[in-house]
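1. model this:
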Amino acid sequence: MLPLLALLTACAALPSPQERHQQANALAAAHQWHETTLVTPPFRLKSYGPPPHPPAEILSVYIEGDGLAWLTPTLPSTDPTPRHPLALQLALAQAEGRAAYLARPCQYQEGKREDNGEGRQDANLDAKQEMPLPPCPQRYWTGSRFAPEVIDAMDNAVSQLKQRHGASALVLVGYSGGGSVAALLAMRRTDVIRLVTVAGNLDHQAWAEHHRLTPLAASLNPADEAIRKPSRISGLPQTHWVGSQDRVIPPALARRWPAAFIGANGGQLEIIPEATHGDGWLIPWQRRGMPLDPPAPP
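-> Modelled structure (predicted):
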């Protein structure tokens with residue numbers, strides 16, 4: 001009875017999906033960033049970013065974590081919109097260069113969508129043209145969160161953002177599960193000049209074993225892809241930030257990542273003192289100016 005009461009109390013204290021969406025809108029608006037919807041079948045992905053003009057040679061795309069995927073270790077949430085969109089906060093804190101934020105499938109999807117009949121969003125449509133959003137399958141924030149169709153859609157969205165901002169090269173920054181997405185995208189694209197992860201999960205099989213969780217059997221695993229095709233990631237400038245107090249992705253787990261990520265031909269693993277999985281990142285991010293400094297695009 002007590003666990004049930006604790007769960008009900010926790011659920012009652014959760015901000016609603018609409019409130020979480022409004023929080024992200026407020027964060028973005030404070031920096032004159034605007035929300036857009038990217039049509040990437042079978043998903044419509046939310047993005048925030050500054051005006052796309054003038055064009056930017058290099059675009060940093062920040063990919064959100066898993067959000068509120070689970071209420072308990074065994075009970076999925078009904079909406080994965082993040083309570084604290086850390087990837088958005090990191091994007092807004094980038095001191096130099098152009099940045100944009102990309103949410104994950106099924107996040108920020110409550111309410112209405114606008115469609116102009118040609119499969120793209122138009123914020124100027126009147127209410128008569130609004131259509132309810134279709135339900136987003138729960139598997140896309142649980143066991144299939146890195147499924148091939150998810151990575152295809154995220155790849156499509158990144159290409160749209162690159163085109164929108166007139167960029168020729170990309171820096172991919174992924175937080176938590178967004179690190180998996182960023183790594184998988186970096187292994188399939190030729191325009192990525194740097195990969196950065198923050199509390200990233202680059203081996204979800206080892207992560208599931210460590211926490212005794214159900215494996216993400218329907219998802220691609222960056223560690224497996226890096227071992228199979230090391231040439232696609234080895235040599236790419238990479239920085240992987242791990243919190244010294246992170247119990248979700250502890251340093252001991254990160255040190256077991258494949259050499260393509262942190263070996264001689266891979267990237268740099270940096271332990272951030274006192275950082276947990278969700279806290280302690282913004283100050284070092286702002287203080288160091290983000291581990292960017294990418295090489296000039298080819």
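
2. so for the longest helix seen in the chain, what's the average pLDDT?
-> Counting by DSSP state H, the longest helix found in the chain is helix 148-164. Across helix 148-164, pLDDT averages out at 98.

3. Just give me the neighbour total for the spatially closest residue to Asp246 that is not a sequence neighbour.
-> The shortest distance from Asp246 to any non-neighbouring residue, by C-beta to C-beta, 6 or more residues apart in numbering, is to His277 (4.7 Å). Where C-beta positions appear, they are placed from N, C-alpha and C, glycine not excepted. His277 is flanked by 21 other residues according to other C-beta atoms under 10 Å.

4. Touching, His277 and Arg247? I think so.
-> Yes: with contact defined as C-beta atoms under 8 Å, His277 reaches Arg247; the gap is 6.7 Å.

5. returning to what we had before: can I get the CA coordinates of the longest helix of the chain in CSV?
-> Only the C-alpha atoms of helix 148-164 are listed here, as CSV (Å, rounded to 0.1, in the frame of the first residue of the first chain):
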residue,chain,number,x,y,z
PRO,A,148,16.1,2.0,-37.0
GLU,A,149,13.0,4.1,-37.9
VAL,A,150,13.7,6.4,-35.0
ILE,A,151,17.3,7.0,-36.1
ASP,A,152,16.1,7.4,-39.7
ALA,A,153,13.7,10.1,-38.6
MET,A,154,16.2,11.9,-36.4
ASP,A,155,18.7,11.8,-39.3
ASN,A,156,16.0,13.4,-41.5
ALA,A,157,15.4,16.1,-38.9
VAL,A,158,19.1,16.9,-38.6
SER,A,159,19.3,17.3,-42.4
GLN,A,160,16.3,19.7,-42.3
LEU,A,161,18.0,21.8,-39.6
LYS,A,162,21.2,21.8,-41.5
GLN,A,163,19.4,23.0,-44.6
ARG,A,164,17.3,25.5,-42.7
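
6. Show me the contact partners of it.
-> Helix 148-164 has contacts (C-beta atoms under 8 Å, 6 or more residues apart in numbering) with 38, 40-43, 45, 47, 49, 52, 59, 61, 63, 100, 102, 104-105, 140, 144, 170, 172, 181, 184-185, 188-189, 191, 219-220.

7. Buried residues of it, list them for me.
-> Of all the residues in helix 148-164, those buried under the rule 16 or more other C-beta atoms under 10 Å are 150-151, 153-162, 164.

8. between those residues, which is closest to Ala91?
-> Nearest to Ala91 among these: Leu161, at 11.6 Å, using C-beta to C-beta.

9. residue contacts, Leu45?
-> Applying C-beta under 8 Å, 6+ apart to Leu45 gives the contacts Thr37, Leu38, Leu102, Ala103, Arg104, Pro105, Ala153, Met154, Ala157.

10. after the longest helix of the chain comes which helix or strand?
-> strand 169-175 (DSSP states H and E).

11. can you tell me the average pLDDT over the helix or strand just after that next one?
-> Using DSSP H and E, the helix or strand that follows strand 169-175 in sequence is helix 177-186. For helix 177-186, mean pLDDT rounds to 98.

12. what's the following helix or strand after helix 177-186?
-> strand 192-198.

13. tilt between that next one and strand 169-175?
-> Angle of strand 192-198 versus strand 169-175, following axes from the mean of the first three to the mean of the last three C-alpha atoms, to 10 degrees, is 10 degrees.

14. For Glu19, which three-state class applies?
-> When states are read from DSSP: H, G, I helix; E, B strand; the rest coil, the local structure at Glu19 comes out as helix.

15. Find the least confident helix or strand in the protein, judged by mean pLDDT.
-> In the chain, the helix or strand scored least confidently by mean pLDDT, DSSP states H and E is strand 112-114, which has a mean of 40.
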